[in-house]
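Student: Next input, structure requested:
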Amino acid sequence: MEKIITFICVWLYNCKLISLKKIIYILLFFTLNISAQEKFKQVTTIEITANFFTTDNQSNIYAIKGNELFKYNKLGTLLYKYSNKNLGNIDYIDASNPLRILVFYKNFLQVVFLDNTLSPHGEPTSFDILGLPQVTLAATSYNSCVWLYNQQNFELIRFNQSFEKTQVTTNLNLVLNISLQPTQLLEYDNRLYLNNPQTGILIFDIYGTYYKTIPLKGIQHFQPIGDWVYYQTENKIMAYNIKTTEEKDFEIPKQDFINFRVEMDYLFIQTTDKILVYTAN
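Tutor: Predicted structure coming up:
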């Protein structure tokens, strides 16, 4: 069945009836559905008690442990390490651009950019010096820019590489008439996502204009893939379609996990003391 789906996708692509990006989404979604019925094959286990982890589009794994950042390949081989003890513990990383990885130090209001070997691009940038003493979230944006969420004014701000403002939203608390306490910010495929667990995931365009809210409450981590948003509920991975509001759930091989990622045909599961890597069997 998998070979048939692949053949059809390639034929559609050759006939210019479907884009390469759409083919990737179809194959990924098909793989997850197959995996819900068949067994997963475990590729490796990374023994690490991580505070947070993420992946890039090459299926590399980035794990935070205190003030250290570790980069592994999908086979679990440690590739590089990074640490800056002067900035304290790392709160968040965004590896959506693996050549310019964003590292956010919330307590010190600093951000560092790393290359693919986890070597710094220049000096850390202080948001306090920029007049933003209450930045709580940061995310990579297109053209090597960055989005910030400023809790002081309940606003999203986009900066270019020189940290000059290019977009600023109005006070979102007032405009949307909600209590805003967001926990996750990311940009993907010309959309900006802001997770506000009390009300759902807010979606904006790349200029910061509000589009809609996905009514998924109480979520801590999510991952958009195509028109689907994947998220965790209890011991399942769920998917919500932004355009159709269709929902699907997927059985996974590990219970009691705390975070997950999906990259192509790989599934990454974080537990309290491990990161498990699976592929469809």
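
Student: Show me what the residue nearest to T140 when sequence neighbours are not counted is bridged to.
Tutor: Using CB to CB, 6 or more residues apart in numbering and skipping residues adjacent in sequence, the residue nearest T140 is D94, 4.4 Å away. Heads up, the C-betas are built off the backbone N, CA and C, glycines and all. On the basis of DSSP bridges, D94 is bridged to L102.

Student: What is the burial count for D94?
Tutor: A count of nearby residues for D94, using other CB atoms under 10 Å, gives 24.

Student: Assess the claim that it and R100 are in contact.
Tutor: No: D94 is beyond contact range of R100, at 9.3 Å (criterion: CB atoms under 8 Å).

Student: hang on, the earlier thing: who are the contact partners of the residue nearest to T140?
Tutor: By CB atoms under 8 Å, 6 or more residues apart in numbering, the residues touching D94 are 54, 101-102, 104, 138-140, 186.

Student: if we take the residues you listed, which one ends up nearest to T244?
Tutor: L186 (21.8 Å; CB to CB).

Student: can you pull the pLDDT of the closest one?
Tutor: pLDDT for L186: 97.

Student: would you say it is within a strand?
Tutor: Yes: applying DSSP: H, G, I helix; E, B strand; the rest coil, one finds L186 inside a strand.

Student: Return the set of residues that bridge with it.
Tutor: Going by DSSP bridges, L186 forms beta bridges with Y193.

Student: Same question for Y230.
Tutor: With DSSP bridges as the rule, Y230 is bridged to Q223, A239.

Student: Confirm for me that it is in contact with M238.
Tutor: Yes: using CB under 8 Å, Y230 is in contact with M238, at 7.1 Å.

Student: what are the ranges of the helices in the stretch 151-281 of the chain?
Tutor: With helices called from DSSP state H, counting those that start in this stretch, the stretch 151-281 of the chain shows them at 172-176.

Student: Where does the prediction get shaky in it?
Tutor: Applying pLDDT under 70 to the stretch 151-281 of the chain picks out no residues at all.

Student: and the residue nearest to N259 when sequence neighbours are not counted, how many neighbours does it have?
Tutor: Nearest non-adjacent residue to N259, counting by CB to CB, 6+ apart: Q270, 4.1 Å away. The number of residues packed around Q270, counting by other CB under 10 Å, is 23.

Student: Hmm, Q270 is touching I252, no?
Tutor: No: contact criterion CB under 8 Å: Q270 and I252 do not qualify, at 11.9 Å.

Student: Touching both of those two, which residues are there?
Tutor: F260.

Student: In contact with the residue most central in space within the chain, which residues?
Tutor: Most central residue of the chain, judged by C-alpha distance to the mean C-alpha position with CA atoms, centre = their mean, is Q223 at 5.3 Å. When contacts are counted by CB under 8 Å, 6+ apart, Q223 touches 229-231, 260-262.

Student: ok, back up a step: of all the contacts of D94, which comes closest to D115?
Tutor: The closest of these to D115 turns out to be I101 (CB to CB; 7.5 Å).
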